[in-house]
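K.L.:
Generate a structure from the sequence data that follows.
(one chain, ligands or ions: 1)
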Amino acid sequence: MSEMKVCLNCNRSEEKTPLIVLTFKGETKHLCAQCLPILIHKTHLLAEKLPGMEVTAHE
Ligand SMILES: [Zn+2]
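P.N.:
Next up is the predicted model:
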């Protein structure tokens, strides 16, 4: 188990960048502000980091 909080996309730690807490399937995940637009607009890029996530197409 890992106590280290890192962005699930870029792996930067909370020592380097503010992290936003996400919960998914009962697990706590962290994402930095720079990667938040990826979660919103390019969800498919995070699909392998969040298995089972519903990927919504934006157009
Ligand atoms: Zn990030």
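
K.L.:
Just confirm Ala47 contacts Glu54, I think it does.
P.N.:
No. Applying Cβ atoms under 8 Å, one finds Ala47 not in contact with Glu54, separated by 9.3 Å. Where C-beta positions appear, they are placed from N, C-alpha and C, glycine not excepted.

K.L.:
Just want to know which of these two has more residues nearby.
P.N.:
The residue with more neighbours, out of Ala47 and Glu54, is Ala47; 13 against 7, by other Cβ atoms under 10 Å.

K.L.:
ok now do that one, which residues does it touch?
P.N.:
Met53, Val55 (Cβ atoms under 8 Å, 6 or more residues apart in numbering).

K.L.:
any idea how far Met4 is from it?
P.N.:
23 Å (Cβ to Cβ, to the nearest Å).

K.L.:
ditto for Leu46
P.N.:
Distance from Leu46 to Met4, by Cβ to Cβ: 19 Å.

K.L.:
what about those two, which has more around it?
P.N.:
Using other Cβ under 10 Å as the criterion, Leu46 and Met4 rank with Leu46 on top: 17 against 9.
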